[in-house]
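# from the sequence below, what's the structure:
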Amino acid sequence: MVIATLENIDVDLVYNELCKQFNVKSYRALSLAMGLSVSAVGNARGRDSLPWEGVIIACKKRGISLDKLFEIEIVNTETDSNKTQPTKAPIQQKGLTAEDLLAVNTMVDKVLKEVVSTKCLPPERELFICNKLRPVLIKSAFEHDFNEIFVRSIAEGAVLMA
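Here you go, the predicted model:
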C-alpha cells in the first residue's frame, strides 16, 4: 500500500508544498531550512526523488503533517469522539509442535558435536562454548527456517572467534 502510494506522488508538487510550509523560495534555502546539506535537495531533484529522511525529520520538528504534504486523504472511520487505544491482537504461534522443537534440539546437538569436537579443545572449554552457543543456535534455527547450513556456519564462526 505504501509503495503504491509513493509511486503516485508528484515530486514537484511536494517540493512546492515544502517551500510553502518552510516559507522559502529556492531549493537551496529549502535544504538549509530542513537542516540538510546545500546540495541535498538539488541532488534528490535530479533523481526525481525526495531526501526522504530529511523531509520526515524536518516535518516532525516543525509539526507539519506528512498527510497534508503528500496530499493523502485521511479516512476517519471512528464515530465516537473518544479515541480508544486499539487492542493488540494475540500473538499467533507459528504452529510449532513438540516434534519441531525436538528436531531443532537434535540438529543443534549434532552441529555442536561436529563443530566443537574438531577443534581439540579442553573439555571444560568445550562445555563452556556449547552452553553459551546452544541458545544462539536454537534462535538462529528458528530465524532461518530450520536450515542446518545456516546454523552450522553460525556455529563455526562463533567457535572460530572463541
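# now the helices for this protein?
2-7, 11-22, 27-33, 40-46, 52-62, 66-69, 98-117, 123-143, 148-161 (DSSP state H).
# okay, buried residues for the third one please.
Right, helix 27-33. 27, 30-33 (16 or more other CB atoms under 10 Å). Where you see a C-beta, it was placed from the backbone N, CA and C, and this is true even at glycine.
# what does the fourth one give?
Of the residues in helix 40-46, those with enough neighbours to count as buried (16+ other CB under 10 Å) are 40-41, 44.
# also the shortest one?
For helix 66-69, a neighbour-count test (16+ other CB under 10 Å) marks L69 as buried.
# and that helix, how far out from the chain's middle?
23 Å (CA atoms, centre = their mean, to the nearest Å).
# surely S140 and S153 touch.
No: contact between S140 and S153 fails when scored by CB atoms under 8 Å: they sit 9.3 Å apart.
# go through the buried residues of helix 40-46 and name the one nearest K20.
V41 (14.6 Å; CB to CB).
# correct me if wrong: I9 contacts F70.
Yes: counting by CB under 8 Å, I9 sits close enough to F70 to count as a contact (6.0 Å).
# what's S65 sitting at in phi/psi?
phi -70, psi 130 (degrees, to the nearest 10).
# mind pulling the model confidence for it?
We have a pLDDT of 83 for S65.
# how many other residues sit next to it?
By other CB atoms under 10 Å, 11 other residues sit near S65.
# which residue, other than its chain neighbours, is closest to it?
C59 (7.6 Å; CB to CB, 6 or more residues apart in numbering).
# ditto for F150
Counting by CB to CB, 6+ apart, the residue nearest F150 is H144, at 4.0 Å.
# so the one you found versus T106, what's the distance?
As for H144, its distance to T106 is 16 Å (criterion: CB to CB, to the nearest Å).
# between those two, who's got more neighbours?
The residue with more neighbours, out of H144 and T106, is H144; 14 against 10, by other CB under 10 Å.
# show me how the chain divides into domains.
Domain ranges of the chain: 2-69, 98-161, per automatic domain parsing.
# and those domains, which one is worst for confidence?
If you rank these by mean pLDDT, domain 2-69 sits at the bottom with a mean of 81.
# quick one on the thing from earlier: does the residue nearest to S65 touch K68 like I think?
No: the criterion here is CB under 8 Å, and C59 misses it with K68 at 9.4 Å.
# wait, L121 touches L127, no?
No: using CB under 8 Å as the test, L121 is too far from L127 to be in contact (9.3 Å).
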